[in-house]
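Undergrad: Can you look at this prediction? I've put the sequence above it.
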Amino acid sequence: MSAYLTGLGLGASMIIPIGAQNAYVLTSGLRRRYPFWVATLCAVCDLVLILVGVMGVGTLVSSNPLWIQVACWGGALFLAWYGGLSLRSALQPQQLRESSIPLSSLRSVLAGALAVTLLNPHVYLDTVVVLGSIGGQYQGDERLYFALGAVCASLFWFYGLGLGAARLAPWLDRPLVWKLVDIGVWLLMWFLALKLALKGIELAGVGN
């Protein structure tokens, strides 16, 4: 139980802070674009990455600063690009109302969820490296209970975020709300990109 609760708490601390993946789940719920399937896909991806990390890959990656540095710079570039899309959307108020209509196909929505999950190195840092390195310190069944706790945190959060946002959508479906959401996502993505870039610079200095 102790290992499970530790995994649950650490998993929540890694997953709950809003990033590109959470922003996508949130907007899919607010725009009522298959929030259940988006949450399911993100949770399954987290499950696989957490298990891979806990089984030893996280410790291996964290022992190589070069891999972490590459992930930091890749994540910074991805988040800067993703934030730029939100900024462009915020500057086009005439399209805000139209964007709230769920016209996108399930396939395209899930493809977007895969992109913000698997193309974002920040996800790997949180799941494989951080959670994997900590979980890898447990032995036997405790390691599995730690992983189960981290996976449960992911499940609770993604379903709560996506389906909760869908419930609120009828009251938030206004152009001003969409503009504020896009501006918030833009600022958050560029802030996270800056943090990762600074971490990459710090690692480069340590390596030299």
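TA: Arrived safely, thanks for sending. Residues are numbered from 1 along each chain as shown.
Undergrad: And the pLDDT for residue 42?
TA: Looking at residue 42, its pLDDT stands at 92.
Undergrad: should've said residue 109
TA: At residue 109, pLDDT is 90.
Undergrad: can you pull the buried residues of the helix or strand containing residue 195?
TA: According to DSSP states H and E, residue 195 maps onto helix 175-207. Residues 177-179, 181-182, 185-186, 188-190, 192-193, 196-197, 199-200, 203 are the ones in helix 175-207 that count as buried (16 or more other CB atoms under 10 Å). Any C-beta I mention is one placed from the backbone N, CA and C, and that applies to glycine too.
Undergrad: residue ranges for the helices of the chain, please.
TA: 2-15, 20-30, 35-52, 58-62, 65-90, 96-99, 106-118, 121-124, 132-135, 141-172, 175-207 (DSSP state H).
Undergrad: average pLDDT for the fifth one?
TA: By that I understand helix 65-90. 76.
Undergrad: what does the fourth one give?
TA: Taken as a whole, helix 58-62 has an average pLDDT of 60.
Undergrad: What of stretch 10-23?
TA: When pLDDT is averaged over stretch 10-23, the result is 78.
Undergrad: Can you give me the end-to-end span of that stretch?
TA: One end of stretch 10-23 sits 20 Å from the other (CA to CA, to the nearest Å).
Undergrad: what's that stretch in contact with?
TA: Contact with stretch 10-23 is made by 26, 42, 46, 50, 78-79, 82, 86, 113, 116-117, 120, 122-123, 126-127, 130-131, 134, 149-154, 156-158, 161, 185, 188-189, 192, as judged by CB atoms under 8 Å, 6 or more residues apart in numbering.
Undergrad: same thing but at 7 Å, please
TA: The contact list for stretch 10-23, computed with CB atoms under 7 Å, 6 or more residues apart in numbering, reads 42, 79, 82, 116-117, 120, 122-123, 126, 130-131, 134, 149-150, 153-154, 157, 161, 185, 188-189, 192.
Undergrad: List the buried residues in it.
TA: Using 16+ other CB under 10 Å as the test for burial, stretch 10-23 gives 10, 11, 12, 14, 15, 19, 20, 21, 22, 23.
Undergrad: quick one: the third one and residue 159, what's the gap?
TA: Distance check for residue 12 against residue 159: by CB to CB, to the nearest Å, it reads 14 Å.
Undergrad: Go through the buried residues of stretch 10-23 and say which is closest to residue 167.
TA: The shortest approach to residue 167 among the buried residues of stretch 10-23 belongs to residue 22, at 17.0 Å (CB to CB).
Undergrad: Quick check, residue 52 in contact with residue 128.
TA: Yes: between residue 52 and residue 128 a contact is recorded at 5.9 Å, counting by CB atoms under 7 Å.
Undergrad: Summarise which helices and strands the helix holding residue 195 is packed against.
TA: helix 20-30, helix 65-90, helix 96-99 (3 or more CB pairs under 7 Å, 6 or more residues apart in numbering; DSSP states H and E).
Undergrad: Point out the most buried one among these.
TA: When you average the neighbours per residue for each of the helices and strands packed on helix 175-207 (mean count of other CB atoms under 10 Å), helix 20-30 leads with a mean of 23.
Undergrad: No further queries at this time; thank you.
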